[in-house]
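[1] I would like to see how this sequence folds:
(one chain, ligands or ions: 1)
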Amino acid sequence: MRSAIRATFLHFIDQPDFAANTGYEYYGDGVMVINNGLIEAIGNASEILAHLDSSVTVDSSNVGKLIIPGLIDCHTHFPQIDIVAAYGEQLLDWLNNYTYPAEQRFGESGYGDAVAEKFLREGFRNGTTTAMVYCTVHPESVDAFFSASEKYNCRMIAGKVMMDRNAPEELCDTPEQGYEQSRSLIARWHGKGRLAYAVTPRFAPTSSSEQLTLAGRLLREFPDLYLQTHVSENLAEVAWVKELFPECDSYLQVYERHGLLGERTVLGHGIHLNDKELGLMAACGVSIAFCPTSNLFLGSGLLDVERCESAGVNVCLATDIGAGTSFSMLKTMRAAYEVSQLRGHSIPPLRAFYNATLGNARALKIDHYVGNFDAGKEADFIVLDTEATPLLRYRMGLCNNLQEKLFVMMYLGDDRMVASTHIMGKMVHSSTDNIERRN
Ligand SMILES: [Zn+2]
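    Presented below is the predicted three-dimensional model:
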């Protein structure tokens, strides 16, 4: 069950300090030893090979390529692969005109199975091995997503959307149904293999206070569950929440009052939060999922990452498919860089790669399993061909150091750069040997 792979390796051991050049390990000629799906050792090839049992085969087919941990997406909707790149409008119209009609199909038996498979494979093609995922209101959609994830043995967090008002009747549950259905999904999937459950009210406008109360009850009953929802994405949405919950001082307070804020809570967007709300988020240990391609696509606004971080709020990175326009975390890093530029701050490339790997693993509290190549962690990794296109090859040849190379990769790279994707040491995608056709 032991194997070894020789290539160039980069992973993070902490948040990188650009000036001090710390927080990461880089092996120009490295070897990683994998034992039974877990990382046994990583280091310079000369050192590892000197002590490696001669019976272990060393795969040298990736020499010249860069291996990094599998990319992690902290907020996405698997059913919305059906509406990615659907034209026009801002959040509330987009939900009514595209999202809700598309999600209604997931009530049909079998429909979600094929879409879940498509969604995971598209993630693998882009180097994403773990995600925090919204399903639809139908419990079948959660079964479909977790079944497909279990087949590939990938580490995934997901949950059934809870929604009991202000949405088409076909997509509404009741507070009791939302609670009971979530409870039986938790019993079926939470903690099974690499899967974990997230209680998932879509957002405050589509859940009554009664439903949010029951969501909070689930969190109290099962303290290791996650909570995912959206907050303060769009100004019309913020005004609507004020009307719906006049007793609350702010949007975030709606979630606080229902016991939904904690260290395992990830809130999508948070673009228009006020200082008091940011302070509350920091105090509760809640993370904001920054979804830059989605925020640009829906014209929602520009998240000020530096303002959030200065307030002590952890910011993680996410695609938000299908309002997000790309499965690629590389393209997402690029969009995050550009949004921050418009806010007057630059994100150093080392920091961007940290965010998409160890940083996101920490936000999801799974960094003891994945996020870097420390011994004992699960061997989820991707092989990057940094010369995948003529322009990449040319531009990489002109780089003088790692930071420059990483920046070129996040600017000129996309799914074409992902040569292969591996889950617990097992290849699930290869750009040359198209496994998709065999499955
Ligand atoms: Zn979303």
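
[2] and Asp249, backbone torsions?
    With angles defined as degrees, to the nearest 10, Asp249 sits at phi -70, psi -30.

[3] and the closest residue to it other than its chain neighbours, which of the three is it?
    Nearest residue to Asp249, sequence neighbours excluded (Cβ to Cβ, 6 or more residues apart in numbering): Lys276, at 7.7 Å. Every C-beta, even on glycine, is put in place using the N, C-alpha and C of the backbone. What DSSP: H, G, I helix; E, B strand; the rest coil gives for Lys276 is helix.

[4] state the distance from Lys276 to Ala311.
    Applying Cβ to Cβ, to the nearest Å, the value for Lys276 to Ala311 is 10 Å.

[5] repeat for Gly88
    The value you get for Gly88 to Ala311, if Cβ to Cβ is used, is 34 Å.

[6] same question, Leu398
    39 Å.

[7] who has more neighbours, those two?
    A direct count of neighbours by other Cβ atoms under 10 Å for Leu398 and Ala311 places Ala311 higher, at 17 against 9.

[8] who in this protein is up against the ion?
    Residues of the chain lying close to the ion (Cβ under 5 Å from the ion) are 268, 320.

[9] spell out for me which residue occupies the centre of the protein.
    Asp73 (1.3 Å; Cα atoms, centre = their mean).

[10] burial check on the closest residue to Ala41 other than its chain neighbours, number of neighbours?
    Leaving aside its chain neighbours, Ala41 sits nearest to Val33 (4.5 Å; criterion: Cβ to Cβ, 6+ apart). Residues near Val33, counting by other Cβ under 10 Å, number 23.

[11] would you map the strands across the stretch 301-439 of the chain?
    Along the stretch 301-439 of the chain, counting by DSSP state E, counting those that start in this stretch, strands occupy 314-317, 381-384, 418-423, 426-430.

[12] deepest of these, which one?
    Ranked by mean neighbour count, the strands of the stretch 301-439 of the chain are led by strand 381-384 with a mean of 25 (mean count of other Cβ atoms under 10 Å).

[13] that one - which strands sit beside it in the sheet, and in what orientation?
    Strand pairing for strand 381-384, determined by DSSP bridges: strand 66-69 (antiparallel), strand 418-423 (antiparallel).

[14] how close does Phe106 sit to Ala114?
    11 Å.

[15] between the two, who's got more neighbours?
    Phe106 (25 against 11).

[16] contacts only, for that one.
    The contact partners of Phe106, by Cβ atoms under 8 Å, 6 or more residues apart in numbering, come to 79, 112, 115, 135-136, 138, 140-141, 144.

[17] hang on, the earlier thing: part of a strand, is the residue nearest to Ala41?
    Yes: counting by three-state DSSP, Val33 is found in a strand.

[18] wait, it sits on Phe9?
    No: at 11.8 Å, Val33 does not count as touching Phe9 under the criterion of Cβ atoms under 8 Å.

[19] name the residues contacting each of these two.
    Ile42.

[20] do you know which of the strands of the stretch 301-439 of the chain lies nearest Asp367?
    Nearest of the strands of the stretch 301-439 of the chain to Asp367, taken as Cβ to Cβ: strand 314-317 at 11.7 Å.

[21] Leu214 contacts Glu180, doesn't it?
    No: taking contacts as Cβ under 8 Å, Leu214 lies outside contact range of Glu180: 9.2 Å.

[22] looking at the two, which is more packed in?
    When Leu214 and Glu180 are compared for neighbours, Leu214 comes out ahead with 25 against 14, by other Cβ under 10 Å.

[23] and that one, how far is that from the ion?
    Going from Leu214 to the ion by Cβ to the ion, to the nearest Å gives 21 Å.

[24] which stretch of helix or strand covers that residue?
    In the assignment (DSSP states H and E), Leu214 maps to helix 209-221.

[25] give me the contacts around that helix.
    162, 164, 174-176, 178-179, 182-183, 186, 199, 201, 204, 207, 225, 227, 245, 254-255, 258-260, 262.

[26] what's the angle between the next helix or strand after that helix and helix 209-221?
    Sequence-wise, the next helix or strand downstream of helix 209-221 (DSSP H and E) is strand 226-231. Here the directions of strand 226-231 and helix 209-221 differ by 150 degrees (axes from the mean of the first three to the mean of the last three Cα atoms, to 10 degrees).

[27] counting contacts, what elements does the longest strand along the chain pack onto?
    In the chain, with assignment by DSSP state E, the single longest strand is strand 2-17. For strand 2-17, the packing partners by 3 or more Cβ pairs under 8 Å, 6 or more residues apart in numbering; DSSP states H and E come out as strand 22-35, strand 38-44, strand 58-59, strand 66-69, helix 349-354.

[28] for the residue nearest to Val231 when sequence neighbours are not counted, helix, strand, or coil?
    Excluding the flanking residues, the one nearest Val231 by Cβ to Cβ, 6+ apart is Leu267, at 4.4 Å. Applying three-state DSSP to Leu267 yields a three-state assignment of strand.

[29] quick check: Leu267 touching Ile288?
    Yes: judged on Cβ under 8 Å, Leu267 makes contact with Ile288 at a distance of 5.8 Å.

[30] got any residues that touch both of these two?
    Joint contacts of Leu267 and Ile288 (Cβ under 8 Å, 6+ apart) are Met281.

[31] any weak-confidence spans in the stretch 101-250 of the chain?
    Applying pLDDT under 70 to the stretch 101-250 of the chain flags no residue at all.

[32] how is the chain divided into domains?
    2-69+372-432, 71-363 (automatic domain parsing).

[33] what about Glu40, distance to Val428?
    The value you get for Glu40 to Val428, if Cβ to Cβ is used, is 21 Å.

[34] do Asp59 as well
    Here the criterion is Cβ to Cβ. By it, Asp59 lies 16 Å from Val428.

[35] host element of Ala131?
    Counting by DSSP H and E, the element that carries Ala131 is strand 128-134.

[36] what's that strand in contact with?
    Residues contacting strand 128-134 (Cβ under 8 Å, 6+ apart): 70-79, 123, 145, 154-159, 161, 198, 200, 202, 226, 228, 266, 289, 318, 327, 329, 361, 364, 366, 370, 380, 382, 421, 423.

[37] one more pass at 6 Å, please.
    70-78, 154-155, 157-158, 161, 200, 228, 266, 380, 423 (Cβ atoms under 6 Å, 6 or more residues apart in numbering).

[38] angle of it against strand 418-423?
    Going by the same axes, to 10 degrees, strand 128-134 makes 70 degrees with strand 418-423.

[39] thanks a lot, see you next time.
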